[in-house]
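Peer 1: Curious how this folds, go ahead:
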Amino acid sequence: MVDTDASAITFGTDGWRATLDQFTEPRVRLVGRAVASYLDDAAVPGPVAVGYDARETSPGFAEALAEELAAGGRDVVLPTRDCPTPALAWTVADGDFAGGLMVTASHNPPEYNGVKFVPADGAPALPAVTDAIEVHLESPDASEEPRGAIRERSLVDPYLDHARAFVDADLSGLTVAYDAMHGSGRGVTDALLASAGATVRRLRCERDPTFGGTPPEPEPERVPALVEAVTAGDADLGVVNDGDADRIGVVTPERGYLDPNRFFAALYASLLEGDSGDAVRTVSTSSLVDRVAAAHDQAVHETAVGFKWVGAAMAEHDALVGGEESGGFGVRGHLRNKDGVLVALLAAAAERDRPIDARVDALEAAHGEIYQDRTSLDCPEERKEPAIDALADGLPADVAGAAVASVNDVDGFKIHLEDGAWLLVRPSGTEPKLRIYAEGDSPGRVEALLEAGRGLVEPLI
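Peer 2: Numbering: from 1, shown residues only. Got it, this is the predicted structure:
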């Protein structure tokens with residue numbers, strides 16, 4: 001049958017995602033059997049936790065995964081309700097689990113679903129792991145172990161207890177507007193903020209598998225009510241999570257929807273007030289973080305795009321924080337994985353001590369203003385590698401009027417210019433596109449860089 005074709009299943013940047021005509025129960029069951037076989041081959045003991053997001057099809061897919069894992073001899077824990085991905089990841093890392101599976105398509109529209117494997121340490125799975133799982137998709141081993149048991153328990157309550165202990169914040173007197181985008185952060189992020197003493201104004205905190213008709217992705221144009229609530233003075237801070245609550249967006253009274261790069265820098269600076277440690281960021285994330293690190297005699301470690309690389313580098317360098325420009329952040333001592341729930345509490349705690357707008361003002365006064373933007377060019381999958389190879393053979397000596405100072409090829413090509421600006425060209429890991437990013441000291445400079453990037457890349461596609 002077509003829908004049991006394992007070749008349709010690929011674990012990309014952050015698990016396997018597909019539209020529901022491709023993401024079918026028979027294929028999901030293949031994933032469950034393959035994970036059971038992989039764990040047996042790797043001799044990883046313990047049960048498996050299976051979580052799911054707020055999509056209509058997610059509970060059924062989670063049950064199918066649980067049945068296959070149990071048939072493979074693994075005990076399985078299912079949540080009592082849909083849950084954030086970070087709650088599943090923390091549960092796995094904190095317990096004696098062999099790993100976890102999360103049914104989620106994150107910020108994608110409701111016609112999508114997905115599944116990701118979370119290893120026992122709670123960090124994103126690296127390619128060595130997902131490649132091994134894919135090997136087992138074609139012919140999973142038949143288990144000779146007794147059938148495992150499936151039981152339900154709350155994955156949210158213990159996680160919230162841990163988060164409150166990890167961030168010992170008193171938010172009394174602070175009003176936070178929280179937008180769940182109808183996703184799995186509802187009743188979790190808002191409950192965490194309220195438990196710390198905040199007054200919480202809740203927006204879109206009812207479950208809606210259609211997400212109200214908009215993809216559950218934190219972007220300025222998708223959260224107008226949240227921006228209005230904060231900029232009108234009805235709340236001191238705004239917070240929004242994506243569909244599975246592993247990412248965060250922040251809204252402030254003066255800036256409205258805050259550039260995630262600026263929030264990352266402010267978050268890192270606030271953490272450095274009571275701790276020390278390096279930062280990890282992806283190639284597409286702002287160098288403002290580097291300036292914060294240098295001012296505190298810390299280092300920044302740059303990775304390819306994808307939080308799996310950030311998590312690995314956080315372990316290698318014992319980094320205090322890791323992040324990416326799309327709003328995913330992890331913190332040492334908690335998870336080497338994205339967590340939009342706990343970081344919401346960290347953001348509110350920072351705001352309570354000193355407004356985030358004032359923190360960003362201070363950073364820009366000390367380190368200069370930095371602007372960033374990106375664009376995308378359609379590019380068939382078969383043209384991505386040839387286009388990048390052709391760019392390697394024709395890298396320019398200058399871009400948009402500035403000489404090239406250096407080139408980083410950790411993920412596509414990041415061209416650093418002598419005026420401090422940079423241009424990045426990389427293939428998307430999730431769409432048939434080439435991404436072009438630029439950073440400079442003014443919006444006009446960024447637009448000139450993006451235009452130059454388009455001129456470089458379009459002839460190569």
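Peer 1: and stretch 309-324, how far out from the chain's middle?
Peer 2: The chain centre lies 13 Å from the centre of stretch 309-324; the measure is Cα atoms, centre = their mean, to the nearest Å.
Peer 1: Which residues does it contact?
Peer 2: Outside of stretch 309-324, the residues within contact range by Cβ atoms under 8 Å, 6 or more residues apart in numbering are 123-124, 126, 260, 264, 267-268, 271-272, 275-282, 284-285, 289, 298-299, 301, 303, 305, 307, 328-332, 336-337. In this view, the C-beta of every residue, glycine as well, is placed from N, C-alpha and C.
Peer 1: Show me which of these are buried.
Peer 2: For the contacts of stretch 309-324, a burial check counting by 16 or more other Cβ atoms under 10 Å picks out 123-124, 260, 264, 267-268, 271-272, 277-282, 284-285, 289, 298, 301, 303, 305, 307, 328-332, 336-337.
Peer 1: beta partners for Ile415?
Peer 2: In this structure, Ile415 bridges to Val407, Leu423 when assessed by DSSP bridges.
Peer 1: so how far is Glu111 from Phe23?
Peer 2: 10 Å (Cβ to Cβ, to the nearest Å).
Peer 1: These two: who's more crowded?
Peer 2: Phe23 (23 against 14; other Cβ atoms under 10 Å).
Peer 1: and the gap between Arg207 and Phe23?
Peer 2: Remark: distance between Arg207 and Phe23 (Cβ to Cβ) = 20 Å.
Peer 1: oh sorry, the question was meant for Leu65
Peer 2: 12 Å.
Peer 1: Kindly report the same for Gly412.
Peer 2: According to Cβ to Cβ, Gly412 and Phe23 sit 28 Å apart.
Peer 1: again with Asn337
Peer 2: 23 Å.
Peer 1: per-residue pLDDT, the residue of the chain positioned farthest from its centre?
Peer 2: Distance to the chain centre peaks in the chain at Glu144, reaching 37.2 Å (criterion: Cα atoms, centre = their mean). On pLDDT, Glu144 comes in at 71.
Peer 1: Which residues are in contact with it?
Peer 2: Gly73.
Peer 1: Would you mind giving the secondary structure of it?
Peer 2: coil (DSSP: H, G, I helix; E, B strand; the rest coil).
Peer 1: Leu192 now?
Peer 2: The three-state assignment at Leu192 reads helix, by three-state DSSP.
Peer 1: try Pro158
Peer 2: helix.
Peer 1: distance of it from Gly114?
Peer 2: Counting by Cβ to Cβ - Pro158 and Gly114 are separated by 25 Å.
Peer 1: So which of the two has more stuff around it?
Peer 2: Ranked by neighbour count (other Cβ under 10 Å), Pro158 and Gly114 place Gly114 first, with 24 against 15.
Peer 1: Val410 contacts Thr282, doesn't it?
Peer 2: No. Judged on Cβ atoms under 8 Å, Val410 makes no contact with Thr282 at a distance of 9.2 Å.
Peer 1: Need the pLDDT of Pro124.
Peer 2: For Pro124, the pLDDT comes out at 97.
Peer 1: quick one, strands of the stretch 201-350 of the chain?
Peer 2: For the stretch 201-350 of the chain, the strands defined by DSSP state E, counting those that start in this stretch cover 237-241, 248-252, 256-257, 279-282, 300-303, 321-324, 328-331.
Peer 1: Nearest to Ala34 among those strands would be which one?
Peer 2: Evaluated with Cβ to Cβ, these place strand 328-331 nearest to Ala34, the distance being 26.2 Å.
Peer 1: pLDDT of the closest one, averaged?
Peer 2: Across strand 328-331, the average pLDDT comes to 98.
Peer 1: Which elements pack onto that strand?
Peer 2: Applying 3 or more Cβ pairs under 8 Å, 6 or more residues apart in numbering; DSSP states H and E, we find strand 328-331 packed against helix 260-272, helix 307-317, strand 321-324, helix 342-353.
Peer 1: ok, 6 Å please
Peer 2: strand 321-324 (3 or more Cβ pairs under 6 Å, 6 or more residues apart in numbering; DSSP states H and E).
Peer 1: State the mean pLDDT of the strand it packs on.
Peer 2: Here the average pLDDT along strand 321-324 is 98.
Peer 1: Name every strand pairing with that strand and say which way it goes.
Peer 2: strand 279-282 (parallel), strand 328-331 (antiparallel).
Peer 1: Kindly reformat those strands as TSV containing distance to Gly238.
Peer 2: As requested, those are arranged in TSV below (distance: least, Cβ to Cβ, whole Å):
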stretch	distance to Gly238
strand 279-282	24
strand 328-331	17
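Peer 1: right, so of those, which gets closest to His136?
Peer 2: Nearest to His136 among those is strand 328-331; the distance by Cβ to Cβ comes to 28.2 Å.
Peer 1: just how off-centre is the closest one within its chain?
Peer 2: Centre to centre, stretch against its chain (Cα atoms, centre = their mean), the figure for strand 328-331 is 8 Å.
Peer 1: what residues does it touch?
Peer 2: Arg247, Phe307, Val321, Gly322, Gly323, Arg336, Asn337, Lys338, Val343 (Cβ atoms under 6 Å, 6 or more residues apart in numbering).
Peer 1: any idea which of the residues you listed is closest to Ala196?
Peer 2: After measuring the contacts of strand 328-331 against Ala196 - Cβ to Cβ - the closest member comes out as Val343, at 13.6 Å.
Peer 1: Would you confirm that the closest one contacts Gly249?
Peer 2: No. With contact defined as Cβ atoms under 6 Å, Val343 does not reach Gly249; the gap is 10.6 Å.
Peer 1: neighbour-wise, which of those two wins?
Peer 2: Higher neighbour count among Val343 and Gly249: Val343, with 30 against 27, using other Cβ under 10 Å.
Peer 1: one step back: I'd like the contacts of strand 328-331 written out as CSV, with distance to Leu30 added.
Peer 2: Shown next, in CSV, are the contacts of strand 328-331 (distance: Cβ to Cβ, whole Å):
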residue, distance to Leu30
Arg247, 28
Phe307, 25
Val321, 37
Gly322, 32
Gly323, 34
Arg336, 28
Asn337, 25
Lys338, 26
Val343, 34
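Peer 1: What is the nearest of these to Arg222?
Peer 2: Arg247 (12.5 Å).
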